[in-house]
Structures are given as structure tokens and as C-alpha cells.
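Q: I would like the atomic coordinates for the input below:
(one chain, ligands or ions: 3)
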Amino acid sequence: MAPPQEPIVFDANLFQDQTDIPKGFIWPDHEKPSLNVPELSVPIIDLGGFLSGDPVASLEAAKLVDEACQKHGFFLVANHGVDFSIMENGHNFADTFFSKPLDEKRKAQRQVGQNYGYASSFTTRFSTSLPWKETLSFRFVDGNSSIVEDYVEEKMGQDLQEFGKFYQQYSETMSALALKIMELLGTSLGIDREFLKDFYTRNDSIMRLNHYPRCQKPDLCLGTGPHVDPTSLTILHQDNVGGLEVCVDGEWHSISPNPQVFVINIGDTLMALTNCRYKSVLHRAVVNSDKPRTSIVFFLCPDKEKMVIPPKELIDAEHPRAYPDFTWGTLLRFTQEQHRADANTLEAFSKWLAENASTNEKDE
Ligand SMILES: C=C1C[C@]23C[C@H]1CC[C@H]2[C@]1(C)CCC[C@@](C)(C(=O)O)[C@H]1[C@@H]3C(=O)O
Ligand SMILES: O=C(O)CCC(=O)C(=O)O
Ligand SMILES: [Fe+2]
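A: Numbering: from 1, shown residues only. Ligands and ions are numbered 1, 2, ... in the order given. Below is the predicted model:
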């Protein structure tokens, strides 16, 4: 992915009221937003009921999550044990950061080859189909109690210490929530309840803030383009603006904002780990001309060196291996250096692995 010669600088404060949209932000006709998409019916899972051990609640939660993950990979989690003030503060801190002048935000500028830091769109990574968003991403490693706050202090200085401490805490809260959800998925898959939880205990995840400025041509642009998450499990909190859409049965559907719940979706790595029992599904974020939108996203990822191999209970004559063995570290590198995550990342990755088998073995 060669960067453009003269990358545009996406300054949200200027672009949000601009009617003259640079062509790099105009998406191809077949990917432009659709009008009046229907709402997706997504089950609300009572996580606390499952964790309480109540047999009726556990059975209901496992049944609902199994159906959803086999079909479109999205579900909502309620009774999650996370105090609403945490989500509220998450958005307040994000809004404070993104309302800063661009040169302030660029103190944490994401460097070429880095997955973390501030990015105003990805004009240095791509030259077409540019996402109408700014992002701030952190690395979170379970067990490292200051990785996020250290990064913030190093990149943005002492005055953002409270900001860094907050997202350190938020990331730890999401990591713990993710492991509880992994227990539920282990149960719904009918495998050892601890298998997935153990696989992700030492997770090496990505905490990301997505900020979508207003856009005066919301019918031409996309906040985040159509993609499947290459990661394992996504825990997303929407504000009350709405814009997340999922492609089910070939049609885009909206997921209505509900700030009391977290939106959960399966990513490619977990789809491979479940030998395709649970689906990683195409989704995107649309923008609007009236209000900016923020989503707070925790991408659960395993240790980068762990080999992703489904448990034997999920491999049989009817379900042969769907994907080759791989590590998340190799897939992450692939999405950052070779192939922008889109609708077909795992297929392109499998082909790339086969073509570069000798090189990848040397890198291991
Ligand atoms: C490993 C990742 C790459 C992206 C962030 C995480 C999981 C989702 C990926 C992404 C959001 C998919 C759409 C394209 C992308 C470039 C984006 O719009 O942000 C992707 C992220 C990335 O490569 O930075
Ligand atoms: O902002 C959203 O609602 C979706 C963002 C997303 O899919 C992502 O960051 O992977
Ligand atoms: Fe996504």
C-alpha cells in the first residue's frame, strides 16, 4: 500500500462544514451508503444472568448468543457489570481529546508501521476510499498496569495524565469483560468453558477511539469502510448518534444506539479459532451532516505469538479445517503492510501465507 505523494491533511474542524469533498473521501458507487436501512434484530444477552449460574438464564444466554454468532456474529451485552459512568466518561474524555486543535492531537501522531497513536483519516496509508474519521489507538497488554497511561504521558505529556489513567482503567475493564464473554462463548460452542478464556487471558489488544466529524456529503462518504474485523472479539460502545451498519443476507442493517449496552462482534481470528462455527461479518460506519459521532472500541487480540488452532471438538468430517494455522502477529502485520482489512481479509491472508510459507517460517 504505497502512501500518496501529497497526503491530504484531514482537519476535522475544517472538513466538518465543507461541502467540497476531496475525491479521496468519495467511495465507489457500489460501496456508498444506502438510504433507510432496516434495523438489525440483535439479541440482548443477560451476561450477569449467565455468570450467576442460574440454569434458566445460562441456557437462554447460550442459546441466543449461539444463534447470533452462527448467523451474523453480532450481539448486545446487558447486565455486564460496567458502571454507566465509565462509558459516559469514556465519551467525555474522547470528546475532549478530539476537540483539541490538530497540532495538539498530532503530538501522538501514528507513525508509519505503527498500529497505535493518532490518525486523521489514513491519508498517509491510503489514497482512495478514505475513512471520514479520526482515530486514537492504544496498545493494551493484560497484566501491564500502566502501558496505556505510559504511552499517553510519553506522547502527549503530563497534562493528559488523567486521560491516560482513565483509558488504562477502561482497557482493563474491557479485558475482564471480554474474558467473561469468552466463558459464555465456550459454553455456547459446547467446548471446555475455559478454553477460550484461557486462550485470551494474556491478551495483547487494541483500544481505539473513533471520532466521526459531521460530513456535508454523507451520501458519498463513509466513516469506516466495509470490513470484517481481523481481530478476535470487538467490544464497542456507541454514543447516541448511530451509524454502525452490518451486512446480513446481502443487505445493510443498522444497529440502533443503546448506550446502556455494549455491541459485541466476532472477528476473523476468533472465526478461525472456532473453525468457522462463529462468523466474522461485514460491517461499516456511516456519517451524517448534523452531529459528530464517537465509538469506543476494544479489539481483543491474543498474544501475537500464539498459534491460532481450533480445538479438536470443532474439527470433524463435516467441519474440516477452514483456515491454516497462523499467529495473530502475522495477520496484524498483513493488515498493516500488505492488505487493508476489508470483506475478504482472511481469504487474501490464507493465499499470502501459502505464497510466502518459507519466508513466514523464517520470521517465526
Ligand atoms: C487490527 C485492526 C486494523 C483496523 C483496526 C483493528 C481492527 C479493525 C481494522 C479496521 C478498522 C478495518 C477497516 C479498515 C481500517 C484501516 C480502518 O478503517 O481503521 C482498519 C484498522 C487499521 O488497519 O488501522
Ligand atoms: O464506529 C463504529 O460503529 C464501527 C467501527 C468499526 O467497525 C471498527 O473500528 O472496526
Ligand atoms: Fe469493525
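Q: contacts, neighbours, all on C-alpha from now
A: OK.
Q: hang on, residue 358 in a strand?
A: No: looking at residue 358 with DSSP: H, G, I helix; E, B strand; the rest coil, it is helix, so not inside a strand.
Q: That one and residue 352: what is the separation?
A: As judged by Cα to Cα, to the nearest Å, residue 358 and residue 352 stand 11 Å apart.
Q: Buried ones in stretch 162-170, by neighbour count?
A: Buried residues in stretch 162-170, counted by 16 or more other Cα atoms under 10 Å: 163, 164, 165, 166, 167, 168, 169, 170.
Q: which parts of the stretch 101-250 of the chain sit against ligand 1?
A: 131, 224, 225, 227, 229, 230, 231 (Cα under 6 Å from any ligand atom).
Q: Show me what from this protein comes close to ligand 2.
A: Checking the chain against ligand 2 by Cα under 6 Å from any ligand atom, the hits are 210, 229, 243, 244, 284, 285, 295.
Q: Tabulate those residues in CSV, adding columns for pLDDT, secondary structure and neighbour count.
A: CSV is the format used below for the residues of the chain next to ligand 2 (pLDDT from 0 to 100; DSSP: H, G, I helix; E, B strand; the rest coil; neighbours: other Cα atoms under 10 Å):
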residue, pLDDT, secondary structure, neighbour count
210, 98, strand, 21
229, 98, coil, 23
243, 98, coil, 23
244, 98, strand, 21
284, 98, strand, 21
285, 98, strand, 24
295, 98, strand, 24
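Q: out of those, who's nearest ligand 1?
A: Checking the residues of the chain next to ligand 2 against ligand 1 by Cα to the nearest ligand atom gives residue 229 as the nearest, at 4.5 Å.
Q: Grab the nearest non-local neighbour of that closest one.
A: residue 267 (4.8 Å; Cα to Cα, 6 or more residues apart in numbering).
Q: Repeat that for residue 219.
A: Distance criterion Cα to Cα, 6+ apart; nearest residue to residue 219, sequence neighbours excluded, is residue 33 at 5.7 Å.
Q: can you tell me how far the one you found sits from residue 12?
A: Distance from residue 33 to residue 12, by Cα to Cα: 20 Å.
Q: And the two? Which one has more around it.
A: Taking other Cα atoms under 10 Å, residue 33 and residue 12 do not tie; residue 12 has more neighbours (24 against 21).
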